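# Build me a model:
(one chain, ligands or ions: 1)
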Amino acid sequence: MEISQAREHLSLHKRIVVKIGTTTLTYPNGTLNLQRIERICWVVADLCNQNKEIIIVTSGAVGVGANSLGMEQRPKDIIGRQAASAVGQAMLMNIYHRFLMAYNRHAAQILLTRECVGSPGRKENAHNTICQLLAMGVVPIVNANDTIATDELGELSDNDNLSAHVAIFSESQLLVILSDIEGFYNKDPRTNPKAVLFSEVTEITPKIEAAAGGSGSSLGTGGMATKLTAARTALEHGISTVIASGDDPMILLRILAGGQEGTLFRAGG
Ligand code: ADP
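From the prediction side, this is the model:
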C-alpha cells in the first residue's frame, strides 16, 4: 500500500483510541489548558456524531492534582503521586464531563490497572463495559487506577502502553497518541534541531528503537520510548498507531480524513 493510500484508509476506521498526554492537557505550570480540553471534547463529540466510536485514554491526573494542592512539582514518592492523582482525577473528569455535556455527550470514567489487562476475566468485563458505553453513545475516558497501582513508576505513569492495551481489548482499529511533538523523529528534536520526522513506519527496527531515546519532559513522563513500545504492541495486534501533536485538537479530524499528519505506524506491512 502506498503512503497516501494507507492514510486514506484511516478514514474507514470506526473505533479509535485517542491517548492524550499531560503536556497536551496542561500548561507548563501544571494548570489545565481549558481551551485545548474544550476543543478536544468538541472534536470527539463531533466524531461521535459521525458515528465514530472514540475512547479517550487520559493522562494528567498527577500533574493537575499536584498543581491544585499547591505543590511546586510532581511528588517524587509513589504515595504522594497516588494522592495527587486521586485529587487530579476528579478534577479532570469534571472538566471532560462539563465540556462533553456541552455537546450532548456523556463522559464515563474507566480506571484500569495492569492486572485488569493481564486477567482474562477482568479484561472481558472492561471490554463489555466499554462496548456497552460506546453502543450508548457515551465517551469512555480511561486512566490508570493510580490508588491501587502497585508496580512502582511503570503503572502510574505509562498511559502510552495502557492505551495500546485498551486499543487491543476494545477491538479498536486505530490508536492515536497526541503529544507535545509533531510525531516520531529520527532523533529527539528538542536536542537535535536537524531531526527528521518519520511520516510512516512499517517495521520497528533497531534504528527506530534507538531514535526513541529515554523518557521525555518533566510534566509528561513517558517520552518517545513508551510511545514506541505502545505502537509496537498495537502493531503486533494488527492495529495502526498515529503519533501526532495535540497542540491543535482539530488534527484528529485531519488524521481521520487521511491527512499526512504525524507519524503513522502502519499495521499490515
Ligand atoms: P506526553 O506528555 O505527550 O506523553 P512526553 O513528554 O512524555 O509527552 O514525550 C514527548 C517528548 O519525547 C517530546 O517532547 C520529545 O522531547 C521526546 N522525544 C524523545 N525522542 C524523540 C523522538 N525520536 N521523536 C520525537 N520526540 C522525542
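# buried ones in the helix or strand where residue 108 lies?
Using DSSP states H and E, the element containing residue 108 is strand 107-112. Within strand 107-112, the residues that count as buried by 16 or more other C-beta atoms under 10 Å are 107-108, 110-112. For glycine as for every other residue, the C-beta is placed from the backbone atoms N, C-alpha and C.
# near the ligand too, which of the residues you listed?
By C-beta under 6 Å from any ligand atom, no member of the buried residues of strand 107-112 lies near the ligand.
# Nearest to the ligand, out of those: which one, please.
Checking the buried residues of strand 107-112 against the ligand by C-beta to the nearest ligand atom gives residue 112 as the nearest, at 17.4 Å.
# in the stretch 151-269 of the chain, which spans are helices?
152-157, 159-169, 206-212, 223-236, 251-256 (DSSP state H, counting those that start in this stretch).
# Looking at those helices, spot the one closest to residue 29.
The closest of the helices of the stretch 151-269 of the chain to residue 29 is helix 152-157. By C-beta to C-beta, the value is 19.6 Å.
# Without its sequence neighbours, what residue ends up closest to residue 104?
Leaving aside its sequence neighbours, residue 104 sits nearest to residue 45 (C-beta to C-beta, 6 or more residues apart in numbering; 7.1 Å).
# What distance do you get for the one you found to residue 189?
To residue 189, residue 45 is 32 Å away according to C-beta to C-beta, to the nearest Å.
# still on that earlier bit, can you tell me which of the buried residues of strand 107-112 lies closest to residue 135?
The shortest gap between residue 135 and any of the buried residues of strand 107-112 belongs to residue 108, at 12.0 Å (C-beta to C-beta).
# If the closest one is in a bridge, with which residues?
Residue 108 has these beta-bridge partners by DSSP bridges: residue 140.
# which residues touch it?
Neighbouring residues of residue 108 by C-beta atoms under 8 Å, 6 or more residues apart in numbering: 133, 138-141.
# what would the residues you listed look like in JSON lines with neighbour count, distance to the ligand and pLDDT?
Output for the contacts of residue 108, formatted as JSON lines (neighbours: other C-beta atoms under 10 Å; distance: C-beta to the nearest ligand atom, whole Å; pLDDT from 0 to 100):
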{"residue": "133", "neighbour count": "19", "distance to the ligand": "24", "pLDDT": "98"}
{"residue": "138", "neighbour count": "17", "distance to the ligand": "25", "pLDDT": "98"}
{"residue": "139", "neighbour count": "24", "distance to the ligand": "20", "pLDDT": "98"}
{"residue": "140", "neighbour count": "24", "distance to the ligand": "20", "pLDDT": "98"}
{"residue": "141", "neighbour count": "24", "distance to the ligand": "16", "pLDDT": "98"}
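# from these, which is closest to residue 58?
Using C-beta to C-beta, residue 141 comes nearest to residue 58 of the contacts of residue 108, at 5.7 Å.
# Just give me the neighbour total for the nearest residue to that closest one once chain neighbours are set aside.
Of all residues not flanking residue 141 in the chain, residue 56 sits nearest, at 4.7 Å (C-beta to C-beta, 6+ apart). Other residues lying near residue 56 total 25 when counted by other C-beta atoms under 10 Å.
# right, and residue 56 touches residue 142 too?
Yes. Taking contacts as C-beta atoms under 8 Å, residue 56 lies within contact range of residue 142: 6.8 Å.
# distance of residue 63 from residue 88?
In terms of C-beta to C-beta, residue 63 sits 7 Å off from residue 88.
# Please disregard the earlier target; I meant residue 147.
Going from residue 147 to residue 88 by C-beta to C-beta gives 12 Å.
# next one: residue 232
For residue 232 relative to residue 88 (C-beta to C-beta), the value is 29 Å.
# The two: who's more crowded?
Neighbour count, other C-beta under 10 Å: between residue 232 and residue 88, residue 88 has more, with 28 against 18.
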